[in-house]
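S.K.: here is a sequence together with a model predicted from it:
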Amino acid sequence: MTSSASEDAMQSIGQSLKTWRAISGVTADDLARTVGVSRDTVSRVERGDASVSMGTVLDMCGEFGLRDKVSSAVDPSNSELGRIGLSHGVPKRVRKQQLVQQDWRNSMNWYDGSVVYQIYPLGLTGAPWKNDGTTEGQTNDDQHRILQLVNNGWVEHMQKLGASCVLLNPVFQSEAHGYDTIDYTKVDQRLGTNEDLATVVKAFHDAGIRVLLDGVFNHVGRGFWAFQDVLQNRQASKYAGWFNIDWGGNNQWNDGLSYECWEGVPYLVKLNHANFDLNAYLADVIRSWEADYDIDGLRLDVAYCLDLGFLGYLRDIANGLTQKRGSKFLLLGETMFGDYNRWMNDHACDSVTNYEVYKGLWSSFNSANMHEVAYAFERQSGDKPWDLYTGKHLLDFVDNHDVPRIATKLENKDQLKPLYGLLFGIPGVPSVYYGSEWGIEGQQLPGDHELRPAIDQPQWNDLTDWIQSLAQARTSSEGAEALCNGDYHQLQCQPQQLVFQRAAGGKRVIVAVNASAEPCTLHFDAGCGRAVDLITGEDHDFGGGSEVGPYSCHYWLCER
């Protein structure tokens, strides 16, 4: 059979599949969900795309009783088409992974097994960069921009991807980027109304996705109503104690006073958490957000700057909301350096952002030095009594709204798949930043606008397929508890390869990453003879070493 004939045969299979699907009344989305692939993959098969794995093609055909007929056509001993199938890396049948009931999950530990999806709403929805009536940065005239998350398919996209929690960066009235709040009680007019936000949160909840809002309680914008009262009434203002003010100073606005600001940024006015009236006001704000929008928790902006006493006060508020809701009201703190236990404990945050591992992830791939990030894993979450955070669930990420997109930061984009494989395989909770799941780029420039772009609708490609498979392994596979709760036990580390074990709930999962352009054979003590790959469903034999392909990652669920 010639190459042209082979392509004709694949197109014939695709056309037959499309016809039988139409006769059976099955939509492409239905078939994609049943087989466990993306809708794009279904379309590629129906177009006769020979690059789709033969195992996937046979799975689809099997849904309509066509497996045997197609199998005979692709048998490598009978046809050129079969040899083409083998050349695409399908040497054996792959089992579809079954969804497994996760009895270990409950309403109090829901975050521990989450996959977080982060959105910067002011950017994604194309809002103007400033809230002063100017249009710079604006991409549309929508008066209810935040509803784009519902109307443009983002909720369905996240659900399909496997996200179980969404983090929405600032949504309340601010002067520009959201971190310069002027009113905690009103949704930013560039995004819509309070009712619009309630609609969005309900849509996420209906899809089984929990919602975190960004709580910016360290500082406010100069336009914040209480600060404006101070500027007008000076020492006579009853809000004067909410800020740290030098009445004998002055500033660039000639206010006739100066004040403490956040990290030298003059338009971000630092709040004084030694003032109990201020703290009580902010507690009422948080309680109202929970009551009005039914949110599941908060990200605490620059938590590393917050007074520890105030942080403990916030934890008391969160504990009260947890008791009210009957499910964990989460506090996720933004931290960058130092011992994270300072901000993550029973009197502070439940979880914090893991910038130490973030740096190790991209740097280890760029420098071909897996020892760097392996050291961080061992130091943080290893199986030794002196490891720092074992049993805790930090937020892991490869990019977010404050750092360059990983597709830009990573020097070799072929490493995106193994990098995401590593992200989802390590201790902690993985987070995906909107658009990065299909590989968009963005360099960090003044204003950070390139990191927070407007996107009309979500997209889906091969990388998104991969991340969906990783999310499914982590949330609904037989090895999910081990991947979410297991500690880190290193089995092998080489410059471009890393192998480690996660174990919990009587299950062991071995994570193997190859960041190299070359295949290799890994030799380590697996503690058993066979396993099943939670990503592909493929059987694996550890005997004689484990062969792995270039730029690959495996989650091997051990037989014992």
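M.R.: Looks like it came in fine. Just so we're clear, the structure is a prediction, and the values are computed from it rather than from any experiment.
S.K.: CA atoms for contacts and neighbours, from now on please.
M.R.: OK.
S.K.: residue boundaries of the helices in the stretch 201-350 of the chain?
M.R.: All helices of the stretch 201-350 of the chain, identified by DSSP state H, counting those that start in this stretch, fall at 225-233, 276-293, 308-325.
S.K.: will you turn those into CSV that also has distance to Q443, mean pLDDT and mean neighbour count?
M.R.: Shown next, in CSV, are those (distance: least, C-alpha to C-alpha, whole Å; pLDDT from 0 to 100; neighbours: other C-alpha atoms under 10 Å):
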stretch, distance to Q443, mean pLDDT, mean neighbour count
helix 225-233, 35, 98, 17
helix 276-293, 33, 98, 16
helix 308-325, 33, 98, 17
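S.K.: of all those, which lies closest to A515?
M.R.: helix 308-325 (40.1 Å; C-alpha to C-alpha).
S.K.: Y179 reaches V220, doesn't it?
M.R.: Yes - using C-alpha atoms under 8 Å, Y179 makes contact with V220 at a distance of 7.1 Å.
S.K.: those two: which is more packed in?
M.R.: Ranked by neighbour count (other C-alpha atoms under 10 Å), Y179 and V220 place V220 first, with 27 against 23.
S.K.: each with direction, which strands does the helix or strand where A531 lies pair with?
M.R.: Applying DSSP states H and E as the criterion places A531 in strand 530-533. Paired neighbours of strand 530-533 in the sheet (DSSP bridges): strand 539-541 (antiparallel), strand 552-558 (antiparallel).
S.K.: could you give the mean pLDDT of it?
M.R.: Confidence for strand 530-533, expressed as mean pLDDT, is 96.
S.K.: and if you look at stretch 235-252?
M.R.: For stretch 235-252, the mean per-residue pLDDT is 97.
S.K.: buried residues in that stretch?
M.R.: Y239, A240, G241, W242, F243, N244, I245 (16 or more other C-alpha atoms under 10 Å).
S.K.: now the residue nearest to E437 when sequence neighbours are not counted: how far from T185?
M.R.: Leaving aside its chain neighbours, E437 sits nearest to T464 (5.2 Å; criterion: C-alpha to C-alpha, 6 or more residues apart in numbering). The spacing between T464 and T185, counted by C-alpha to C-alpha, to the nearest Å, is 36 Å.
S.K.: and D246, by the same measure?
M.R.: D246 sits 28 Å away from T185 when distances are taken as C-alpha to C-alpha.
S.K.: G486 too?
M.R.: Computed with C-alpha to C-alpha, the distance linking G486 and T185 is 40 Å.
S.K.: comparing the two, which residue is more hemmed in?
M.R.: A direct count of neighbours by other C-alpha under 10 Å for G486 and T185 places G486 higher, at 25 against 13.
S.K.: residues in contact with the more buried one?
M.R.: Residues near G486 by C-alpha atoms under 8 Å, 6 or more residues apart in numbering: G391, P427, R502, A503, A504.
S.K.: pretty sure the second one contacts Y488?
M.R.: Right, P427. Yes - between P427 and Y488 a contact is recorded at 6.9 Å, counting by C-alpha under 8 Å.
S.K.: where do the contact lists of these two overlap?
M.R.: Taking C-alpha under 8 Å, 6+ apart as the criterion, P427 and Y488 both touch F377, S381.
S.K.: ok, these two, which is more surrounded?
M.R.: P427 (29 against 24).
S.K.: so who does that one touch?
M.R.: With contacts defined as C-alpha under 8 Å, 6+ apart, the neighbours of P427 are F377, S381, H393, L394, L483, C484, N485, G486, D487, Y488.
S.K.: on the three-state scheme, the residue lying closest to F224 once chain neighbours are set aside is what?
M.R.: Among residues not flanking F224 along the chain, I182 sits closest, at 3.7 Å (C-alpha to C-alpha, 6+ apart). Classification of I182 using DSSP: H, G, I helix; E, B strand; the rest coil returns strand.
S.K.: give me the pLDDT value at S79.
M.R.: 41.
S.K.: I meant to write W438 there.
M.R.: 98.
S.K.: from here on, count from 38
M.R.: OK, 38 is where the count begins now, so the last one is W475.
S.K.: mind checking how far it is from T573?
M.R.: W475 is 20 Å from T573, by C-alpha to C-alpha.
S.K.: what's the weakest-modelled helix or strand in the chain?
M.R.: Ranking every helix and strand in the chain by mean pLDDT, DSSP states H and E puts helix 117-124 at the bottom, with a mean of 36.
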